[in-house]
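S.K.: no FASTA, just this:
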């Protein structure tokens, strides 16, 4: 059964900070204008069935208009708060789901440039570009990043931080995203 948690902060001035905190099977989303003072958006939620201690933590970009590419620049990416013995693997990236235009990513001087297509991150099958680090042996994780630019391709274009069980299109996931 597919379950997901999405917190979205609409039309914020950039740069804008996002954070997702996983504690066991509970997830909390936070936003900040300065990376110092954080506001929790909504209540902490339990993601039904997400019991994995091996999962993916990374950056997601969806254009909201499949076939159109949305480019987002992220910086200040951190993934921490892992359980004792937990570890991060090497960065990987792929299009998730049946996107109409292939995405890409690059990293230079701490800036991650992610370009993605896709109709949405919602429902039973997601479509977006994902840049992730595999997390091993950790029930806890905090991922934080700052969005410095985002192409306005659609009112429902999304860019954010995400924790997901696998890279399958219908995987359980929790995401904190911003729309243009």
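M.R.: Alright, I've got the coordinates. Just so you know, these numbers come straight off a predicted model, no measurement behind them.
S.K.: separation between the closest residue to residue 24 other than its chain neighbours and residue 164?
M.R.: In space, and not counting its chain neighbours, residue 24 is closest to residue 139: 5.1 Å by C-beta to C-beta, 6 or more residues apart in numbering. For the C-beta atoms, the positions are set from N, CA and C on the backbone; glycine is no exception. Distance, residue 139 to residue 164, by C-beta to C-beta, to the nearest Å: 15 Å.
S.K.: between these two, which one's more packed in?
M.R.: Applying other C-beta atoms under 10 Å to residue 139 and residue 164 shows that residue 164 carries more neighbours, namely 25 against 16.
S.K.: nearest residue to the more buried one in space, ignoring adjacent ones along the chain?
M.R.: According to C-beta to C-beta, 6+ apart, the nearest residue to residue 164 is residue 173 (3.6 Å).
S.K.: quick check: bridge partners of that neighbour?
M.R.: residue 4, residue 164 (DSSP bridges).
S.K.: per-residue pLDDT, it?
M.R.: Residue 173 is assigned 91 on the pLDDT scale.
S.K.: then residue 12?
M.R.: pLDDT recorded at residue 12 is 71.
S.K.: quickly find the element holding it.
M.R.: For residue 12, there is no host helix or strand (DSSP states H and E).
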